[in-house]
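K.L.:
Generate coordinates for the sequence data below:
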Amino acid sequence: MKNELETKVEEIKQDADVQRALEQTAPAQQKKATLRTRLRDKFVIGSHLALLIVIGVVYQLIDIRFKWFFESYELVEKLIIAVSVAVVCLMLLRLIEVYFIGRVANAVHKYNLNRVARLVVWLVIGFFVLTILFQNCPERQSLYERPSAVTPEAPPAPMPKGLSAKPMPP
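P.N.:
Numbers count the residues shown, from 1 in each chain. Predicted coordinates for the structure are as follows:
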């Protein structure tokens with residue numbers, strides 16, 4: 001009789017609704033949730049940091065040693081900056097997924113939060129990349145974009161004899 005009662009209690013404890021109710025009524029000491037980051041998450045965040053450091057070193061090397069390269073190829077500088085912004089945003093997305101969304105207990109809410117976070121991050125990346133690529137830097141404009149540097153302004157043509165610059169009376 002006692003065994004049957006224990007088995008029924010164990011079956012009831014296995015129910016998802018009962019488990020949620022037990023978690024809500026558990027004392028705070030037992031609820032102490034330990035957040036464990038997976039090795040894969042640590043590797044991805046570390047690789048984002050390493051890639052960001054490599055991009056920064058390449059940018060500084062080109063900027064200090066080969067200034068003419070950025071002056072000749074402005075798009076390369078913009079692409080390097082855009083890639084670094086994208087890497088930072090993806091690293092922040094992974095940190096948010098691991099440390100904030102990972103704490104959510106409900107699988108449906110966790111899935112929805114992941115989807116919304118990814119959507120927002122990709123929209124932010126698109127906005128920043130487009131802004132960086134299409135920004136207008138007046139100090140780095142080429143000769144084709146500055147018409148005054150290509151063709152000097154011509155002096156005004158002299159007035160023919162007999163014509164005056166005065167308006168005619170009505």
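
K.L.:
for residue 133, what are its contacts?
P.N.:
75, 78, 79, 82 (CB atoms under 8 Å, 6 or more residues apart in numbering). For every residue, glycine as well, the C-beta is placed using N, CA and C.

K.L.:
Any chance of the backbone angles for the closest residue to the first one other than its chain neighbours?
P.N.:
This means residue 75. Leaving aside its sequence neighbours, residue 75 sits nearest to residue 133 (CB to CB, 6 or more residues apart in numbering; 7.8 Å). Per-residue torsions, residue 133: phi -70, psi -30 (degrees, to the nearest 10).

K.L.:
Number of residues surrounding residue 136?
P.N.:
7 (other CB atoms under 10 Å).

K.L.:
all helices of this protein, in order?
P.N.:
Using DSSP state H, the helices found in the chain span residues 2-14, 16-25, 39-65, 67-72, 74-99, 107-133, 147-150.

K.L.:
got JSON lines for those helices, with distance to residue 158 and mean pLDDT too?
P.N.:
Shown next, in JSON lines, are the helices of the chain (distance: least, CB to CB, whole Å; pLDDT from 0 to 100):
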{"stretch": "helix 2-14", "distance to residue 158": "101", "mean pLDDT": "75"}
{"stretch": "helix 16-25", "distance to residue 158": "92", "mean pLDDT": "69"}
{"stretch": "helix 39-65", "distance to residue 158": "51", "mean pLDDT": "92"}
{"stretch": "helix 67-72", "distance to residue 158": "41", "mean pLDDT": "84"}
{"stretch": "helix 74-99", "distance to residue 158": "42", "mean pLDDT": "93"}
{"stretch": "helix 107-133", "distance to residue 158": "47", "mean pLDDT": "94"}
{"stretch": "helix 147-150", "distance to residue 158": "23", "mean pLDDT": "52"}
